[in-house]
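**Student:** Provided below are the primary sequence and the corresponding predicted coordinates.
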Amino acid sequence: MDHVDHVLIVDDDREIRELVSGYLQKNGLRTSVAADGRQMRSFLDANAVDLIVLDVMMPGDDGLVLCRELRSGRHKAIPILMLTARTDEMDRILGLEMGADDYLAKPFAARELLARIKAVLRRTRMLPPNLQISEAGQLLTFGDWRLDTVARHLLDKEGTAIALSGAEYRLLRVFIDHPQRVLNRDQLLSLTQGRDAELFDRSIDLLVSRLRQRLGDDAREPIYIKTVRSEGYVFSVPVEISEPRQ
């Protein structure tokens, strides 16, 4: 039997929950709903989902708090699409920094929400399966560095932790998941930021520069992230998966 993608809709507005759920079901998706963070946690404890549609403006723990919680816990691999009534660009940036895969402002067309859900699921499944499976307790090793996929920070050869922002971590993961393969800006934007990538169009170059600084990479003669003229960037060292030291 073919897999039917299961979407959890978390929104305190009952009308939106019902409208979105009904539309997605009519278009071949399985849906469940939760009115707040408590219901979301309870549902996830007992059920598997493929994607979470998460409203930002909710009483109690808002969507940004819940997004950060999801990204730091055992549900970290579930894609998140955030909804908000806010149109402020900084709110969208904050949501993406906290680990959301895409962001859609209210009011929105149900057809656009469906298209974005499908795009997020498609991007998520683009990652190589050997690096996408259970990340709990894994370290990704490359050169003199290790990436802790639980704490989401870098470890140098002495074991010192180097903190990464959400955007830096996602970009580094894209490079690590596609080692020794040239990726152009459009691919990097799509894999790291989703449909709101136009907000960050030139910031891929800035993020690459910041990552090089984190890795101690000389921009003129980089070891890890090399520029391929007129094409993009390539992560030029091999990557290995290892278990953390006990």
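**Tutor:** Right, received. Where do you want to start?

**Student:** partner residues bridging Leu155?
**Tutor:** According to DSSP bridges, the residues that bridge with Leu155 are Arg146, Ala161.

**Student:** And it, how close does it get to Ala85?
**Tutor:** Taking Cβ to Cβ, to the nearest Å as the measure, Leu155 and Ala85 are separated by 40 Å. Where C-beta positions appear, they are placed from N, C-alpha and C, glycine not excepted.

**Student:** So those two - more neighbours on which side?
**Tutor:** Set side by side, Leu155 and Ala85 give different neighbour counts by other Cβ atoms under 10 Å, the larger being at Leu155 (18 against 12).

**Student:** who touches that one in this structure?
**Tutor:** Taking Cβ atoms under 8 Å, 6 or more residues apart in numbering as the definition of contact, the neighbours of Leu155 are 139, 145-148, 161-162.

**Student:** okay, those residues in TSV with neighbour count and pLDDT next?
**Tutor:** Rendered in TSV, the data for the contacts of Leu155 read as follows (neighbours: other Cβ atoms under 10 Å; pLDDT from 0 to 100):
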residue	neighbour count	pLDDT
Leu139	18	81
Trp145	20	94
Arg146	21	91
Leu147	21	90
Asp148	18	84
Ala161	11	86
Ile162	15	85
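
**Student:** looking only at pLDDT, what's the mean for the single longest helix found in the chain?
**Tutor:** Counting by DSSP state H, the longest helix found in the chain is helix 110-124. What helix 110-124 shows for mean pLDDT is 87.

**Student:** quick one: buried residues of the helix or strand Ile16 falls within?
**Tutor:** When elements are assigned from DSSP states H and E, Ile16 belongs to helix 14-26. Within helix 14-26, the residues scored as buried using 16 or more other Cβ atoms under 10 Å are 16-17, 20-21, 24.

**Student:** neighbouring contacts of that helix?
**Tutor:** Surrounding helix 14-26, the residues in contact under the criterion Cβ under 8 Å, 6+ apart are 7, 9, 11, 31-33, 35, 53, 55, 83, 106, 110, 113-114, 117.
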